[in-house]
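Q: Pasting the sequence and the predicted model now:
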Amino acid sequence: MGRLVILSGPSCVGKGPLHTALTNFHPELATKLKKLVLYNCRSARPGEIDGKDYHFRSREEIEGLREKENFIVLDVRGDLQAVDLQEADRTLQKGDLFFEGNPFVGRKLQEAFASKVTVLSIFLSPLSKEEILFLQSQKNILSLENHVTDVMRRKLLRRTQRQKTILSLKDLENIEGRAASAYSELKEAWHFQYIVPNHDGEDSENWDAFYYPVGDARKTLLAFADLVSSGKASPLVEAWDERLLS
């Protein structure tokens, strides 16, 4: 049996470019990770491919999967997503399975497979533990939840502007929904074995403006590669207690 490798975090925190960087610079690791393709009711983003990034289906079709025992169906920021557990199990019979996505789905996968296979769960966070503790100490001045929402809103706006240039009302509503969900998703981090703070989200050019990632993008890539290859945690990697964001 292979391992289940989970990479989760809020929308736009950098999961996608991190996986791309692993593929480009550590192909010996990336090729061993077979991506789990989820069902999703949303429309494909520019560059996304049906069957590779997601199985794009109608909301009604995904709702119907609730009646099947081998599917997990979750509402993720207003989008219905579904996981085919039989497909995941077949892949694990052959080798490592890789999930990149929402923390609520990642947690469900951990629960479904923890007793069956080795699970490596990693949470990509837009804030470090030290930053969270500092911001909590400033609660008379600011709200941590609002701060997280603001940080992720800016990342999401920049990412969408890079993709589309001109944003529609639907784009802005989608961005606001994802940003508003970020804090509740951050509160899921303690369920994951390893937390990797990363300030270079999917909006950052540090991932792809130069030959090799720079800044936090580079540090995050190295930390992720070490965890995937040997389970070794670099000094960047953290573990959070449930009480941190309780």
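A: Arrived safely, thanks for sending. Residues are numbered from 1 along each chain as shown.
Q: Any chance you could list what contacts the top helix by length along the chain?
A: Determined from DSSP state H, the single longest helix within the chain is helix 144-164. Around helix 144-164, the neighbours that count as contacts under CB atoms under 8 Å, 6 or more residues apart in numbering are 10-13, 45-47, 126-127, 132, 135-136, 167, 171, 175-176, 178-180, 182-183, 186, 201-203. To be clear about C-beta, it is placed using only N, CA and C from the backbone, and glycine gets the same treatment.
Q: And Gly106, how far from Ile6?
A: 5 Å (CB to CB, to the nearest Å).
Q: do the same with Phe98
A: 8 Å.
Q: More neighbours: which of the two?
A: In terms of neighbours (other CB atoms under 10 Å), Ile6 is the more surrounded of Phe98 and Ile6; the figures are 25 against 21.
Q: where do the strands sit along the chain?
A: Ranges of strands in the chain, per DSSP state E, are 4-8, 33-35, 38-40, 54-56, 71-76, 79-84, 96-101, 119-125, 194-197.
Q: Deepest-packed of those strands, please.
A: Of those, the one with the most neighbours on average (mean count of other CB atoms under 10 Å) is strand 4-8, at a mean of 26.
Q: That one - contacts with which helices or strands?
A: helix 15-25, strand 96-101, helix 103-113, strand 119-125 (3 or more CB pairs under 8 Å, 6 or more residues apart in numbering; DSSP states H and E).
Q: Report the buried residues of the first one.
A: Along helix 15-25, these residues count as buried under the neighbour rule (16 or more other CB atoms under 10 Å): Lys15, Gly16, Pro17, Leu18, His19, Ala21, Leu22, Asn24, Phe25.
Q: most remote residue from the chain's center?
A: The C-alpha centroid of the chain is most remote from Asn140, which lies 31.0 Å away (CA atoms, centre = their mean).
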